[in-house]
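Undergrad: Next input, structure requested:
(chains A and B)
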Amino acid sequence: MATARFADYVDRDARNHGMPLQFTFPPHTVVGKSRSTLRQYVEGNDQVTGEPLMQKIVNVLTRPTPEDGLQAATRKAPWPRLLKPDTEENLRRLFLDSGWTDGLPIILPTEERVADMLTGTSHPADEVVGRMTITTNQEKLEYTVEKVAVNAVMAGARPEHLPVILAIASTQEPSCPSSTTSFARMVLVNGPIRNEIGMNSGVGALSPFNLANSVIGRAWTLMTINLGDTRLGETFMGSQGNNLNYNNMCAAENEELSVWEPFHVQKGFKPDESTVSLFRGWSVINSMGAPNRRPAHEETAILLKSFPALRSTATLIMDPLVAKHLKDSQGFTTKEELSKWLSENVKIPAKQYWDADLVYAFMLPLALEGVEPYATWYKLPQDATLAPYNEPNNINVVVVGGETNPLWQTTDFFYTQTALVDEWRPKSGSDATKQSPVGNCESGECEI
Amino acid sequence: MAARLDDLNGKTLYLVDVGFGGGYEFLEEMQGWLSRHVPGARTVLKRKGGNMLLDDPSLWTEIKGKGSAVIFGVGG
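TA: Numbers count the residues shown, from 1 in each chain, chains lettered A, B, ... in the order given. Okay, the predicted model is just below:
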């Protein structure tokens, strides 16, 4: 059974997998409905066929399955490699009307522009980078270096940005998965390439000013749309969507002004290696003021209580001034010490934890299977307190900002993976970054 | 596809909650309907192990061994 809103979706799912599954459709939604309403749904009709819902289920179980000859669909990219020549205006319209853009104007990916983009990497155009889908409804689609370059051109990127974009593509993660919950994503770049391509890690790093930050983050979503076959209302089902997906909070860590270890070094990479790290979540809360009367870690502990603490995950995006405040005034000599303190000191009532919808969906099954500490937490009285951020390693800290005010952002983002950018660079001697009109940015505060 | 049943009398029907909010309560109401209207059928209401995105091979084995049919729900 699936609620009626997903009738088309599950029909496509069955057809894509060649399985004539029999579905019955109660009204949408069943979550949060009273018992009397649910009983009416059970005693009512299937919302698609109009048959009595339970009688339809009995029929499905006791009558022969119709043989409709479903065959698993062979997935191929639903677009040609080359389009017929046309005017720029018509081609722009074609891209927009075909759903190949994020709604904003794009740079048309002509053969010449894509070829120029490909100078940004040593990898051949036909090399397979990965496979992607935004939903289990569809088989994953394979994509090459050339297809990544096409989307990089569309985003407005330059060849020197391509290694970072390819590294993102190599993760095979979509920026906007189909989840009805509408995920936000974050891209964090570490290492020398930040400054080589003029990324902004300083003043306004998360604002729309810097070319590299903007186009790299945008390219991820264009890749998701075109390489993950994102189609609004068909494969993408985010109920409200998420505005952060326009460029996925793409920024560089301010390693120059941070008093702590860079994020990629925490993950086992060398300081002189360039990496891109990805995060996923839903929510961002500004600190709404500086750590004046209350220190930043105590304020963060209050803010973290508003999240469901799903799998103990959170990511703090701190201005360098906040990191200095926490180290110099509060004694947190490392990011890990701060994470440990938050893990031990954020406490909420058991009822608040277990009544969160996401906790019900993802953590209750673990509790019922006897997985600790969730099994013990589930037995607590409702007013007993628990420390839901029980895994300090899942509380991430990154330093971004330009020291105009000691502010920070508290998010429920969890870290997914880090990819090495250096593997995607051009060969020595043909380094596109050396030809970059952006130039170097030693301060980490570049803005074009 | 699994073979269909001749009828539900004497059969064991598994009702499996896949983990979306409200699904378990909906299946409880279904279980009530079946007990009232198909009293000859036995129903077993289960929560699938793990979250809605994960496989649960042990439950599938249990259903193959002890069940006559299974109803999954409620996607939404």
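Undergrad: Run through the residues that contact residue A:415.
TA: For residue A:415, the contact set (Cβ atoms under 8 Å, 6 or more residues apart in numbering or on different chains) comprises A:277-279, A:313, A:315, A:394, A:396. Using the backbone N, CA and C atoms, a C-beta is placed for each residue, glycine as well.
Undergrad: Kindly reformat these as TSV containing pLDDT, neighbour count and secondary structure.
TA: Below are the contacts of residue A:415 laid out as TSV (pLDDT from 0 to 100; neighbours: other Cβ atoms under 10 Å in any protein chain shown; DSSP: H, G, I helix; E, B strand; the rest coil):
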residue	pLDDT	neighbour count	secondary structure
A:277	98	24	strand
A:278	98	22	strand
A:279	98	23	strand
A:313	97	22	coil
A:315	98	23	strand
A:394	98	18	helix
A:396	98	23	strand
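Undergrad: tell me which of these is nearest to residue A:54?
TA: residue A:313 (40.4 Å; Cβ to Cβ).
Undergrad: And the residue nearest the centre of the chain?
TA: Since no chain was named, I'll use chain A. residue A:185 (3.1 Å; Cα atoms, centre = their mean).
Undergrad: Hmm, no, I was thinking of chain B.
TA: residue B:15 (1.6 Å).
Undergrad: That residue and residue B:45 touch, don't they?
TA: Yes - counting by Cβ atoms under 8 Å, residue B:45 is a contact partner of residue B:15 at 4.7 Å.
Undergrad: Spell out which residues are contacts of both of those two.
TA: Contacts common to residue B:15 and residue B:45, judged by Cβ under 8 Å, 6+ apart, are B:27, B:31.
Undergrad: and the nearest residue to residue A:176 once chain neighbours are set aside, how many neighbours?
TA: Spatial nearest neighbour of residue A:176, chain neighbours left out: residue A:245 (4.6 Å); criterion: Cβ to Cβ, 6 or more residues apart in numbering or on different chains. Around residue A:245 there are 23 other residues, counting by other Cβ atoms under 10 Å in any protein chain shown.
Undergrad: from what I can see residue A:245 touches residue A:221, true?
TA: Yes - shown here, residue A:245 and residue A:221 form a contact pair, counting by Cβ under 8 Å, at 5.3 Å.
Undergrad: Which neighbours do these two have in common?
TA: Common neighbours of residue A:245 and residue A:221 (Cβ under 8 Å, 6+ apart) are A:102, A:175-176.
Undergrad: Most neighbours among the residues you listed, please name it.
TA: In the shared contacts of residue A:245 and residue A:221, the most neighbours by other Cβ under 10 Å go to residue A:175, 31 neighbours.
Undergrad: which parts of the lowest-mean-pLDDT helix or strand in chain A are buried?
TA: When each helix and strand of chain A is scored by mean pLDDT, DSSP states H and E, helix A:7-16 comes last, with a mean of 81. For helix A:7-16, burial by neighbour count (16 or more other Cβ atoms under 10 Å in any protein chain shown) applies to A:7, A:9-10, A:12-16.
Undergrad: Let me know the next secondary structure element after it.
TA: Later in the chain than helix A:7-16, the nearest helix or strand by DSSP states H and E is helix A:35-43.
Undergrad: can you pull the buried residues of that following helix?
TA: Result for helix A:35-43 [16+ other Cβ under 10 Å]: buried residues A:37-39, A:41-42.
Undergrad: For residue A:103, grab the count of nearby residues.
TA: 9.
Undergrad: sec struct for it, please.
TA: Following DSSP: H, G, I helix; E, B strand; the rest coil, residue A:103 is assigned to coil.
Undergrad: residue contacts, it?
TA: residue A:96.
Undergrad: Chain B next: which of the buried residues of helix A:35-43 are close?
TA: A:38-39, A:41-42 (Cβ under 8 Å from any Cβ of the partner chain).
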